[in-house]
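Colleague: for reference, the sequence and a predicted model appear below.
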Amino acid sequence: MLVDLHVHSALSACAENIMSPRRIVRQAVEKGVKVLALTDHNASGHVSAARRLGGQLGVTVFPAMEVTSREDAHLLAFFPDEESLFSFQALVDAHLPDFAGLPAGDQVLYDERDEIIDIDTKPRQFGLDLGVTRLVEEIHQRGGRAVPSHIHRPRFSLTSQLGFIPPDSGFDAVELDWREWRRDHWRVGGRCDGYPVITGSDAHVLNDVGAHAMSVPENDRDVSRFFDHL
């Protein structure tokens, strides 16, 4: 079973504006992806639509987000249900930078029919005023799983921002960039710095959805079981 747990939609300012939930889910179907996570920057506005569309087309969509910490480190957050995700979204919104102005790129919100229904102008591409440790605590309080993104990249990673992976952080896994994953022949079940490893496409353009997915056992579709089995 192919799993892609790091995909951005048009709600991320850095992604293609055509990346609606409908197009993303259809692309996942074409690539044979059975489990998907929309992980927009500090945003979750496309998750409900993607989950409904995924239910129609046989793709399980995890409630998720990629949150940016005070240290400018990216952290993937996966939740057991939408209620938990939206509770976390309320926390994120309360801790976004306090200034107005358009982000560096559009943050486009679509409905399930590919119609644009809004442009989000909140500064979601910036870090919150919450550190990594606090974010992990808040994710866990909601029953979620906290996974630092692309930990060895030269930007927006734990190692680039902090210089190390904090000990006793409570991370449920760590994500490796798909290039590192392929180069060093990583597989699900491996461990890096003591943590289980995952990877994802980090797709920002439509054709990348599912292009760098993991292969996992067919019975790991539930988010809590998925991370328990790593």
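Modeller: Okay, I see it.
Colleague: neighbours around the closest residue to residue 160 other than its chain neighbours, how many?
Modeller: In space, and not counting its chain neighbours, residue 160 is closest to residue 154: 5.3 Å by Cβ to Cβ, 6 or more residues apart in numbering. To be clear about C-beta, it is placed using only N, CA and C from the backbone, and glycine gets the same treatment. Neighbours of residue 154 under the rule other Cβ atoms under 10 Å: 8.
Colleague: residue 120 too?
Modeller: Residue 120: 18 neighbours (other Cβ under 10 Å).
Colleague: next up, the contacts around it.
Modeller: 11, 43, 45, 107, 108, 109 (Cβ atoms under 8 Å, 6 or more residues apart in numbering).
Colleague: next one: the residue lying closest to the first one once chain neighbours are set aside from residue 205, what distance?
Modeller: Think residue 11. Counting by Cβ to Cβ, 6+ apart, residue 11 lies nearest to residue 40, which is 4.5 Å off, once chain neighbours are set aside. Using Cβ to Cβ, to the nearest Å, one obtains 14 Å as the distance from residue 40 to residue 205.
Colleague: do the same with residue 87
Modeller: 31 Å.
Colleague: and residue 159, by the same measure?
Modeller: 26 Å.
Colleague: centroid-nearest residue for this protein?
Modeller: residue 39 (2.7 Å; Cα atoms, centre = their mean).
Colleague: any stretches of this protein with poor pLDDT?
Modeller: Counting by pLDDT under 70, the ranges of the chain that qualify are 100-104, 219-225, 229-230.
Colleague: the helices in it, which residues?
Modeller: 21-31, 47-57, 82-94, 132-141, 158-161, 178-183, 223-228 (DSSP state H).
Colleague: to residue 122, which of the ones you listed lies closest?
Modeller: For the helices of the chain, proximity to residue 122 was assessed by Cβ to Cβ; helix 82-94 is nearest, at 7.3 Å.
Colleague: re the thing from before, neighbour count: residue 40 and residue 205, which is higher?
Modeller: Neighbours per residue (other Cβ under 10 Å) separate residue 40 from residue 205, with residue 40 holding more: 26 against 13.
Colleague: what sits against that one?
Modeller: 8, 9, 11, 12, 15, 46, 65, 66, 124.
Colleague: in strands, which of those appear?
Modeller: Among those, DSSP state E puts 65, 66 in strands.
Colleague: between the contacts of residue 40, which is closest to residue 118?
Modeller: Out of the contacts of residue 40, the member with the shortest distance to residue 118 (by Cβ to Cβ) is residue 11, at 9.6 Å.
Colleague: OK, contacts around the closest one?
Modeller: Contacts of residue 11 by Cβ under 8 Å, 6+ apart are 40, 43, 45, 46, 107, 108, 109, 120, 124.
Colleague: in TSV: the residues you listed, plus distance to residue 56.
Modeller: Listed next are those as TSV, based on distance: Cβ to Cβ, whole Å:
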residue	distance to residue 56
40	21
43	23
45	19
46	15
107	26
108	22
109	20
120	25
124	28
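Colleague: before we move on, back to that, thought residue 161 was touching the residue nearest to residue 160, still the case?
Modeller: No. The criterion here is Cβ atoms under 8 Å, and residue 154 misses it with residue 161 at 10.3 Å.
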